[in-house]
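> Sequence and predicted structure, then a few things I'm wondering about:
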Amino acid sequence: MALRSFRPRALPWWAAVGLVALAARLAFVWLVDGPLVFGHERVYFSKALWIAGHAEPLAFVLREDAWRSWAGPYWTLPPLYPLFLAAWIASFGPGLSAVLAMQCVLGALSAVGVGRLARELHPAGAWAGAAYAVYWPSVLTASTTITENLHTPLLVWSVSLLAIAARTGAARTAGAGGVLLGLSALTRTVSLLFLPLALLGHLRWNGLRRGARAALFIAAGGAAVLLPWTARNVFVQGDPVLVDSVGVYNLWYDNLFVNEDRARMQQESIEAQPTGTARRARALSLTWRNVSREPQTMLRKVWDNARYFFRPEALDSLLRVEYPHPGWVHAGWIVLGDAVFLVALPLFAAFALAGRPSPARTLVLLWSAYYLLMLFVVFHAQLRYRSAWTPFLIAGAAGGLPALGDAARRRRALVGFAAGLTLAVATVAGYAPLAWHAVRAEADLRRARAALASHDASAAHRAVARAAARNPRAARPWLVYGRMLAGAGRPAEAVDAYGQASARNGAAVTPVYVLPQLLREAGQLAEADEAARRADAAARGFDAWWALEVAWRELPAPRTDEVRLAQGDFGAVRGFLDGRMGHRWTRHRAFVRLVPMRAAAAHDVTIEMGSPPPSPRAAPVVHVRVGDGPFTTFALGTDVRPYTLRARTDPGAPIVVEIVAPTWSRTGEPAEQGVRVDRLSVRAVEESGRDGRGAGQGQATRAEHLP
């Protein structure tokens, strides 16, 4: 009877939101499986490794500032994020996977915090937490090592607790909100000046008498975490700054309305000052001079920042820049990124004009006004800087819906909704023609694909020409056609197609990475070498792993008997990092592929690899397999040597070699590197037998299936 009467209890809203957010972030990290790409993430992770690996980390953090320097040795960053990462690495090791998993948990906490704040605005506001749980930029952030991963949950929960404290008068809750707000300021200094605004917001709702005790708790909570760090700066470092000094540098740099020569002279003038205080004073003086001389430029800066900040990021990436992301990334980014942001804008505007008065509304609007002022007027806007506003945008949107349904407030709510909708439509309007042209061209691209499959090259070219005429500004028709031709074994025609794409859109990067292989297979060897140099330079300027992924998706396996790593290997390798001096380092999984010049039922596959310095692993155990075959285990050394295994192959089909290696991370090096690979070559077994070569050369131990 007891079993029959049992009914499973529904999950609380916060558990459901947290689980959805955690699952979305873990799934993204697993699906993309990428390294740290941009400079900021690499710098933060490297500095954390430096701290964690220091012989005396506490003394190093207290007495030195090199671990948080930025833009040269004279400017310092907020300390908390690298310290947080260092503590995590010291506890769980330098593996990046553990760091990203922890950040997925932090992202889930942010989503729950958004839901909690939205419930202060409306009882049904938990849906705002669910929207933020799947909001694409917030999901993506968890896969990087940037300060937003720590700053966002601290900021969102601090405002949520402050809103609860202002409504209930709970002094301890107010103190906890002050502590979290102080910690968020130690992560990104933009939160620092919001502390007095939060105090004013609290006193506005509770008055001086009734709210004084909780206001003191807010101030004490913030001071408890901020002042010890300030004391360290003043008394240990002899530098009177509250948190960091890079904000002054950014203020000067973001208002540098002068030409390049004058900018260089100003920077030299700042760096020539004898002390940090003098450098900051000089930077502030030059900032005022630059702004006062060019006040009209400030207006243009504000307009450009606002236009950039509100633009549909995913549509811009797909239609204007034409980034070669996988289709699922573009789709997810548009549906869960741009769409969520643009739908929230008119609802937030309705909330701003007609939302029900509450402490939470006051704090959300205070933070929004303050933060957007700092971005648009004082500093500069970046799309990643949305991270500190979109939680409040989505939470505020939850307060806009009831305002639209309330007869007493509906008129003002509709005015706000119309203003927000106008902004959303204005940001999308410029992309509508591009989208329409792209849709019109799709039918002709399908005809071109069918014609090429029927070996009617003339009909395919005519269809693509029509597609290009229907989509006159885009490189996409020629990019798609180039991919078709490369897959059909027509490298010379593919080169021409990618050339047409580059002529249309110089920002399209795909042609840069595919031309080395196509030119080589078309017999244009000198041009192929020059294209390889350009591709290597472009990959190093952005990210080699990403460039290799683009070429792997775009190209078929090259027809050759050897692949020399970092020597025009685009299209032949993936899962590797930047290549210098004729080799690359793997990640935990890496792949090399080729189509042998001679078809055979079996090949000897030779990989030249090792684990020399700077790798700390003197004898890593590496597992290699060909296709779906069994893994062969090799024990490597510090020297690069050839290791050979024999594998059955399908005649004429690509040979795909997978390398699974243990990884390592150390300061000054890319995170999660595996082993060094210089070259991979294949030889048909018949030739191998006559030459006396056999399988198992080098340190091969045994073939086995990995669990």
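Structure received.

> Can you pull out the low-pLDDT segments for this structure?
Residue ranges of the chain with pLDDT under 70: 1-8, 687-707.

> Please put the alpha-carbon coordinates of the strand ranked longest in the chain into CSV.
When the chain is scanned for its longest strand (criterion: DSSP state E), the result is strand 584-594. Taking C-alpha atoms only, strand 584-594 is exported to CSV below (Å, rounded to 0.1, in the frame of the first residue of the first chain):
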residue,chain,number,x,y,z
ARG,A,584,53.1,20.2,-33.7
TRP,A,585,52.0,19.1,-30.3
THR,A,586,48.9,16.9,-30.0
ARG,A,587,46.0,17.5,-27.5
HIS,A,588,44.6,14.5,-25.7
ARG,A,589,43.2,13.2,-29.0
ALA,A,590,44.6,14.0,-32.4
PHE,A,591,44.1,12.8,-35.9
VAL,A,592,46.1,12.5,-39.1
ARG,A,593,44.6,11.4,-42.4
LEU,A,594,45.7,10.8,-46.0
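
> So which elements touch whichever helix in the chain runs longest?
Criterion DSSP state H: the longest helix present in the chain is helix 194-231. Applying 3 or more CB pairs under 8 Å, 6 or more residues apart in numbering; DSSP states H and E, one finds that helix 194-231 contacts helix 148-168, helix 171-187, helix 359-373. (Each C-beta comes from the backbone N, C-alpha and C, glycine too.)

> now for the helix or strand following it, which elements pack on it?
Sequence order places helix 246-253 as the next helix or strand after helix 194-231, per DSSP states H and E. Packed against helix 246-253 by the contact rule (3+ CB pairs under 8 Å, 6+ apart) you find strand 75-76, helix 276-293.

> Mind doing that once more with 10 Å?
Here helix 246-253 touches strand 69-70, strand 75-76, helix 260-271, helix 276-293, going by 3 or more CB pairs under 10 Å, 6 or more residues apart in numbering; DSSP states H and E.

> out of the helices and strands packed on helix 194-231, nearest to V335?
helix 148-168 (21.6 Å; CB to CB).

> For the closest one, what is the distance to the chain centroid?
For helix 148-168, the distance from its own C-alpha centre to the chain's C-alpha centre is 24 Å (CA atoms, centre = their mean, to the nearest Å).

> Can I get that helix as PDB, trimmed to CA atoms?
Extracted C-alpha coordinates of helix 148-168, given in PDB (Å, rounded to 0.1, in the frame of the first residue of the first chain):
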ATOM      1  CA  GLU A 148      33.200  36.300 -16.400                       C
ATOM      2  CA  ASN A 149      32.900  32.700 -15.100                       C
ATOM      3  CA  LEU A 150      33.500  33.900 -11.500                       C
ATOM      4  CA  HIS A 151      32.200  37.500 -11.800                       C
ATOM      5  CA  THR A 152      28.700  36.700 -13.100                       C
ATOM      6  CA  PRO A 153      27.600  34.300 -10.300                       C
ATOM      7  CA  LEU A 154      29.100  36.600  -7.700                       C
ATOM      8  CA  LEU A 155      27.400  39.700  -9.100                       C
ATOM      9  CA  VAL A 156      24.000  38.100  -9.800                       C
ATOM     10  CA  TRP A 157      23.800  36.500  -6.400                       C
ATOM     11  CA  SER A 158      24.900  39.700  -4.600                       C
ATOM     12  CA  VAL A 159      22.100  41.700  -6.300                       C
ATOM     13  CA  SER A 160      19.600  38.900  -5.500                       C
ATOM     14  CA  LEU A 161      20.600  38.900  -1.800                       C
ATOM     15  CA  LEU A 162      20.600  42.700  -1.600                       C
ATOM     16  CA  ALA A 163      17.100  42.800  -3.200                       C
ATOM     17  CA  ILE A 164      15.800  40.200  -0.600                       C
ATOM     18  CA  ALA A 165      17.500  42.200   2.200                       C
ATOM     19  CA  ALA A 166      15.900  45.500   1.100                       C
ATOM     20  CA  ARG A 167      12.500  43.800   1.000                       C
ATOM     21  CA  THR A 168      12.700  41.900   4.300                       C
END
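
> mind putting the helices and strands packed on helix 194-231 in CSV, distance to R564 included?
Formatted as CSV, the helices and strands packed on helix 194-231 follow (distance: least, CB to CB, whole Å):
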stretch, distance to R564
helix 148-168, 38
helix 171-187, 44
helix 359-373, 50
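
> ok, and the closest non-adjacent residue to W545?
Leaving aside its chain neighbours, W545 sits nearest to P35 (5.3 Å; criterion: CB to CB, 6 or more residues apart in numbering).

> My guess is that neighbour contacts A590. True?
No - the criterion here is CB atoms under 10 Å, and P35 misses it with A590 at 11.4 Å.

> Are there residues contacting both of those two? Which ones?
575-577 (CB atoms under 10 Å, 6 or more residues apart in numbering).

> From the residues you listed, pick the one nearest H583.
Ranked by distance to H583 (CB to CB), those are led by F576 at 9.5 Å.

> wait, what's in contact with the closest one?
The neighbourhood of F576, defined by CB under 10 Å, 6+ apart, consists of 35, 544-545, 548, 565-566, 569, 583-587, 590-592, 659, 673-674, 676-677.

> redo that, cut-off 7 Å
For F576, the contacting residues are 545, 548, 584-586, 590, by CB atoms under 7 Å, 6 or more residues apart in numbering.

> if we can go back for a sec, from the shared contacts of P35 and A590, which land in strands?
Short answer: the shared contacts of P35 and A590 in strands (DSSP E) are 575-576.

> quick one on the thing from earlier: who wins for proximity to R470 among the helices and strands packed on helix 194-231?
helix 359-373 (39.3 Å).

> Show me which positions of the closest one end up buried.
359-368, 370-372 (16 or more other CB atoms under 10 Å).

> same question, stretch 166-180
166, 169-171, 173-180.

> Is V258 part of a helix or strand, or is it coil?
Recorded secondary structure, V258: coil (DSSP: H, G, I helix; E, B strand; the rest coil).

> burial measure for it, as a count.
V258 has 17 neighbours, counted by other CB atoms under 10 Å.

> repeat for R411
11.

> Same check on L26?
For L26, the neighbour count with other CB under 10 Å is 19.

> Can you tell me the closest non-neighbouring residue to it?
C104 (5.2 Å).

> which of the contacts of F576 lies closest to S143?
Among these, W545 lies closest to S143 (CB to CB), at 13.0 Å.

> List every C-alpha atom in the helix or strand that contains the closest one, with coordinates, as CSV.
Counting by DSSP H and E, the element that carries W545 is helix 544-554. What follows is helix 544-554, C-alpha atoms only, in CSV (Å, rounded to 0.1, in the frame of the first residue of the first chain):
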residue,chain,number,x,y,z
ALA,A,544,46.0,27.1,-35.0
TRP,A,545,43.6,24.5,-33.5
TRP,A,546,40.6,26.4,-34.9
ALA,A,547,42.2,26.8,-38.3
LEU,A,548,43.0,23.1,-38.5
GLU,A,549,39.3,22.3,-37.6
VAL,A,550,38.1,24.5,-40.4
ALA,A,551,40.4,22.9,-43.0
TRP,A,552,39.5,19.4,-41.8
ARG,A,553,35.8,20.1,-42.3
GLU,A,554,36.3,21.8,-45.6
